[in-house]
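Chemist: Sequence plus the predicted model coming up.
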Amino acid sequence: MLKLNNIEVVYLNVVKVLHGISMGVEDCSVVALLGANGAGKTTTLKAISGLLRTEEGEVTDGSIEWDGERIDRKTAVEIGKLGIVQALEGRRVFGHLNTEENLLVGAYNRRDHYAVSEDMSMAYNYFPRLKQLRRNIAGYLSGGEQQMLVIGRAMMAAPRLMMLDEPSLGLAPMMVEEIYDIIKRFNTEKETSVLLVEQNVRVALNIAHYGYVMENGRVVLDGTADFLRNNEDVKEFYMGLSAVGAKKSYRSVKHYKRRKRWL
Amino acid sequence: MAEFLQYVITGLAVGMVYALIALGFALVWKSSSVANLALGQLVLISSWFTYGMLVQASLPYWLGLPLTILFALLLGWIIERFALRPLVAQPILSLITVTLGVAYFLEGVVSFIWPMSVAALPRIFPVEPVHIGPAVVSQEYIWAAVISLALFGLLSLFFRYHRMGVAMRATADDQLAVQACAIPVTSVFSTSWMFACVVAAIGGVLISCIGGITFGLVETGLKSFSVVILGGLNSFVGCIVAGPIIGLCENLGGGYLTPLIGPGIKDIIPFIIIIIVMFIKPYGLFGETRIERI
Ligand SMILES: Nc1ncnc2c1ncn2[C@@H]1O[C@H](COP(=O)(O)OP(=O)(O)O)[C@@H](O)[C@H]1O
Ligand SMILES: [Mg+2]
């Protein structure tokens, strides 16, 4: 239902960061977008959600289609109303609002008040901890709780596609696991597609059906989660495993990288 | 004693109007981090507009006063739409400079349409004074305080429970995240300007009812700056606490120090207070510090 056809993105009219990205997200699927820092993952999400414009970025070539309709010229508000929501990187809760108000802001564009309050219980059902914290000021929640709140806020938009930018960043492994379980549950129970940006390749591929690997603004590899999990290069670069399954030292990875590049 | 009480009551009442006008600053500052330097001129032009409606066009109150509100809403919308929005994403200094431009523009409009420099509004409120203990206070003060407080209450409810009110507070926290929730920040900004103009207009009319329409209304705007600085730039509670403090100090200081020091001391007092507060609490009494978690 979402298709990116060879898009290019330029910031400030000069800095070209995406050099022709093509990818797609099917109905009800989880797609992982992987890659190192600065690869252009966040930029790709912002191109889809229309947030690029406020960052003085622009899709200069290619097209983005949603159910066959071009959306790359639409505003963030219009795109949001089509059912696409992006949870920003870095747990950006509204610090001075309480938990419940944060969730309500996520449902801003919905007029079906009954369904919104239903979804509020749904969000609390997915994140029972948030229910206990509903009157707490969001700025003082723990990192994991804030990440839950950001995802819950995205759920409150009743999206058809939820885009999450590095939800595991800076969280303890237990917390990452808990959050990923919930994302997976949301995906299957609500039949919502999820586009997942991650550097934590292992957890992402655990729940994803399909994945794309980005490097320097290009997609260098894509395939099913199984394929990527077993791909030697992915193992090598992103999971820190060599062919025999042993940890590789950073230095030898760098050396390898010098020898062989994807492009 | 009667004199003291009188100073206190009128000081508190006027202070609450300052607080109301100061909201016009805090609202815009909170949602868009733009310092609204046109506050005094907004107060001025709306008061003259009211004069135009009630005196020059001799409209009845029930028509003239709502028209003033309408005028303020429209003014706020126009300022945001045509002066500020074209500059979105420009350095914040340009935006602040634009509000200064708006201020001078409005001042020009006022002296063009209403060249007389003073005028009086008709007595909107009942004429007979009220006796509070030994003090005798004219009703304008009481109504000014009551109306300001009521509006304050209404606005607090709005920010607490209304969708747009919550969205405005969210915008104050994180503009990009608000956009990621598909909230049109432009309508948040224009709502904040419309509200700012309405509170400035109502505050202006209340002050004009007390002291007439003069160029001093711009100074009233300046005093509201001292209210926001004292209360903390982005705190609504700060406004309602700091307003009466400023009003009180101004009145008591003015009342008792003028014979000793000379006229003019009344207008300096708020600024002396600000300087002292800035030394002790640079964020103001209730300024929101950024919540930092590590
Ligand atoms: N607002 C911006 N203006 C200019 N360049 C930017 C902007 N945002 C990101 N970039 C650049 O685009 C590249 C990709 O960034 P990003 O999409 O954030 O990567 P990732 O999310 O994969 O770490 C980086 O080189 C970054 O410096
Ligand atoms: Mg990123």
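Modeler: Received it, and whenever you're ready, just let me know what you need. Ligands and ions are numbered 1, 2, ... in the order given.

Chemist: Check the burial of the closest residue to A:Ser49 other than its chain neighbours by counting its neighbours.
Modeler: Spatially, and ignoring its direct neighbours in sequence, A:Ser49 is nearest to A:Gln86 (4.0 Å; C-beta to C-beta, 6 or more residues apart in numbering or on different chains). C-beta here means a position set from N, CA and C on the backbone, and glycine is covered the same way. Neighbourhood size, A:Gln86 [other C-beta atoms under 10 Å in any protein chain shown]: 30.

Chemist: quick one: A:Gln86 is in a strand?
Modeler: Yes - judged by DSSP: H, G, I helix; E, B strand; the rest coil, A:Gln86 forms part of a strand.

Chemist: Up against ligand 1, what does chain A have?
Modeler: A:11-12, A:15, A:17, A:35, A:37-43, A:55 (C-beta under 6 Å from any ligand atom).

Chemist: Show me what residue of chain A gets nearest to chain B.
Modeler: A:Gly80 (2.2 Å; C-beta to the nearest C-beta).

Chemist: how would you label the residue nearest to that residue when sequence neighbours are not counted: helix, strand or coil?
Modeler: Distances taken as C-beta to C-beta, 6+ apart place B:Ala182 nearest to A:Gly80, at 2.2 Å, with adjacent residues excluded. Using three-state DSSP, the secondary structure recorded for B:Ala182 is coil.

Chemist: Would you mind stating the distance between B:Ala182 and ligand 2?
Modeler: Counting by C-beta to the ion, to the nearest Å, the gap from B:Ala182 to ligand 2 is 20 Å.

Chemist: next one: phi and psi at that residue?
Modeler: Dihedral angles of B:Ala182 (phi, psi; degrees, to the nearest 10) stand at phi 60, psi 30.

Chemist: The residues of chain A next to ligand 1 in helices, which ones?
Modeler: Counting by DSSP state H, the residues of chain A next to ligand 1 place A:41-43 in helices.

Chemist: can you pick the most crowded of these?
Modeler: The most crowded member of these, judged by other C-beta under 10 Å, is A:Lys41 (24 neighbours).

Chemist: What's the PyMOL line that selects buried ones from the residues of chain A next to ligand 1?
Modeler: Buried members of the residues of chain A next to ligand 1, defined by 16 or more other C-beta atoms under 10 Å in any protein chain shown, are picked up in PyMOL with:
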select buried, chain A and resi 17+35+39+40+41+42+43
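
Chemist: Between all of the residues of chain A next to ligand 1, which two are separated the most?
Modeler: Using C-beta to C-beta, the two most remote members of the residues of chain A next to ligand 1 are A:Leu12 and A:Gly35, lying 22.1 Å apart.

Chemist: Going along the chain, name the strands of the stretch 151-294 of chain B.
Modeler: Ranges of strands within the stretch 151-294 of chain B: none, based on DSSP state E, counting those that start in this stretch.

Chemist: what about the closest residue to ligand 1 within it, neighbour count?
Modeler: As assessed by C-beta to the nearest ligand atom, ligand 1 sits closest to B:Leu176 within the stretch 151-294 of chain B, at 10.6 Å. Residues within reach of B:Leu176, counting by other C-beta under 10 Å, total 14.

Chemist: Equivalent analysis for A:Asn13, please.
Modeler: Neighbour tally, A:Asn13, other C-beta under 10 Å: 10.

Chemist: ok, now A:Thr54?
Modeler: Per other C-beta under 10 Å, the neighbour tally for A:Thr54 reads 17.

Chemist: what do you get for B:Leu70?
Modeler: The local packing of B:Leu70 (other C-beta under 10 Å) involves 13 other residues.

Chemist: what does stretch A:137-149 contact?
Modeler: With contact meaning C-beta atoms under 8 Å, 6 or more residues apart in numbering or on different chains, stretch A:137-149 is reached by A:91, A:93-99, A:102-103, A:127, A:129-130, A:133, A:167, A:170-172, A:175, A:178-179, A:182, B:291, B:293.

Chemist: Averaged pLDDT, it. What do you get?
Modeler: The predicted model gives stretch A:137-149 an average pLDDT of 94.

Chemist: again with stretch B:83-97
Modeler: 86.

Chemist: Does it reach chain A?
Modeler: Yes - applying C-beta under 8 Å from any C-beta of the partner chain, one finds stretch B:83-97 touching chain A at B:Ala89.

Chemist: Can I get that stretch in CSV? Just the C-alpha atoms.
Modeler: Presented in CSV, the C-alpha positions along stretch B:83-97 are these (Å, rounded to 0.1, in the frame of the first residue of the first chain):
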residue,chain,number,x,y,z
ALA,B,83,3.2,39.3,9.3
LEU,B,84,4.5,36.1,11.0
ARG,B,85,3.7,33.1,8.9
PRO,B,86,5.7,34.2,5.9
LEU,B,87,8.7,34.2,8.2
VAL,B,88,8.2,30.7,9.6
ALA,B,89,11.6,28.9,9.9
GLN,B,90,13.5,32.2,9.8
PRO,B,91,15.7,33.1,12.8
ILE,B,92,13.6,34.0,15.8
LEU,B,93,15.1,37.4,15.9
SER,B,94,13.4,38.3,12.6
LEU,B,95,10.1,37.2,14.0
ILE,B,96,10.5,39.4,17.1
THR,B,97,11.5,42.3,14.9
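
Chemist: And the contacts of it?
Modeler: By C-beta under 8 Å, 6+ apart, stretch B:83-97 touches A:54, A:56, B:32-35, B:37, B:98-99, B:101-102, B:186, B:189-190, B:193.

Chemist: Give me the buried entries from these.
Modeler: A:54, B:32, B:34-35, B:37, B:98-99, B:102, B:189-190, B:193.

Chemist: one step back: who's in contact with the residue nearest to A:Ser49?
Modeler: Contacts for A:Gln86 (C-beta under 8 Å, 6+ apart) come out as A:45-46, A:48-49, A:51, A:154, A:163, A:165, B:180.

Chemist: Now do the helices in the chain.
Modeler: Since you didn't name a chain, this refers to chain A. A:41-49, A:76-81, A:99-106, A:113-126, A:128-132, A:143-155, A:173-190, A:201-207, A:225-229, A:232-238, A:250-259.

Chemist: let's do chain B instead
Modeler: Assigned by DSSP H, the helices in chain B fall at B:2-32, B:39-51, B:61-78, B:92-113, B:139-161, B:163-173, B:175-180, B:185-211, B:216-231, B:236-261, B:265-280.

Chemist: tell me what the fifth one is packed against?
Modeler: By that I understand helix B:139-161. helix B:2-32, helix B:163-173, helix B:185-211, helix B:236-261 (3 or more C-beta pairs under 8 Å, 6 or more residues apart in numbering or on different chains; DSSP states H and E).

Chemist: is the second one anywhere near chain A?
Modeler: Right, the one you point to is helix B:163-173. Yes - using C-beta under 8 Å from any C-beta, helix B:163-173 reaches chain A at B:163, B:166-167, B:169-170, B:172-173.

Chemist: Same check on the first one?
Modeler: No - no part of helix B:2-32 sits close enough to chain A to count as contact by C-beta under 8 Å from any C-beta; the gap is at least 9.7 Å.
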